[in-house]
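Student: Fold the following.
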Amino acid sequence: MLKLREGIKVYVSTQLIDARKSIDSLSVIVSSLFGENPQSGHLFIFFNKSRDKVKILWWDCNGFVLHYKRLEKHRFIVPKLSDIARLEISEAQLHGLLAGLDFSLMKHFPEINYHQYV
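Tutor: Residues are numbered from 1 along each chain as shown. The predicted structure is shown next:
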């Protein structure tokens, strides 16, 4: 399980990639397609074309880290959004995604602040 520091964002690529892409190729995608700095410390998530593999690229102080997960029997649920290149998700959605769940259905409950108790 990944525990994110405060202020770290999680971006999911809506375009499927070749799973053979390495850190250098993925960082170019982050720069060109996402318009983000790969060394920002944010997490960038990519799925392969058959949707059974996921790669997470992030910068950790002095170098890139590449997390890789392969599902043995199932497929990751990848959003089909043709109009945007990336989608920002929450840490809870990230954990659901890595568990193989449909992270787009996972939403935060709205915060409730009671001003008056009856």
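Student: contacts and neighbour counts: CA atoms only from here.
Tutor: OK.
Student: Tell me how many other residues crowd residue 75.
Tutor: Counted with other Cα atoms under 10 Å, residues neighbouring residue 75 total 15.
Student: Sorry, wrong one. I was asking about residue 80.
Tutor: By the measure other Cα under 10 Å, the count of residues near residue 80 is 10.
Student: Quickly note the distance from the nearest residue to it once chain neighbours are set aside to residue 116.
Tutor: Leaving aside its sequence neighbours, residue 80 sits nearest to residue 14 (Cα to Cα, 6 or more residues apart in numbering; 6.5 Å). Counting by Cα to Cα, to the nearest Å, the gap between residue 14 and residue 116 amounts to 44 Å.
Student: ok, the residue nearest to residue 80 touching residue 89?
Tutor: No: here residue 14 does not reach residue 89: they are 12.0 Å apart, not a contact under Cα atoms under 8 Å.
Student: residue boundaries of the strands in this protein?
Tutor: 10-13, 43-47, 53-59, 64-70, 86-89 (DSSP state E).
Student: tell me the angle the fourth one makes with strand 53-59.
Tutor: What it means is strand 64-70. 170 degrees (axes from the mean of the first three to the mean of the last three Cα atoms, to 10 degrees).
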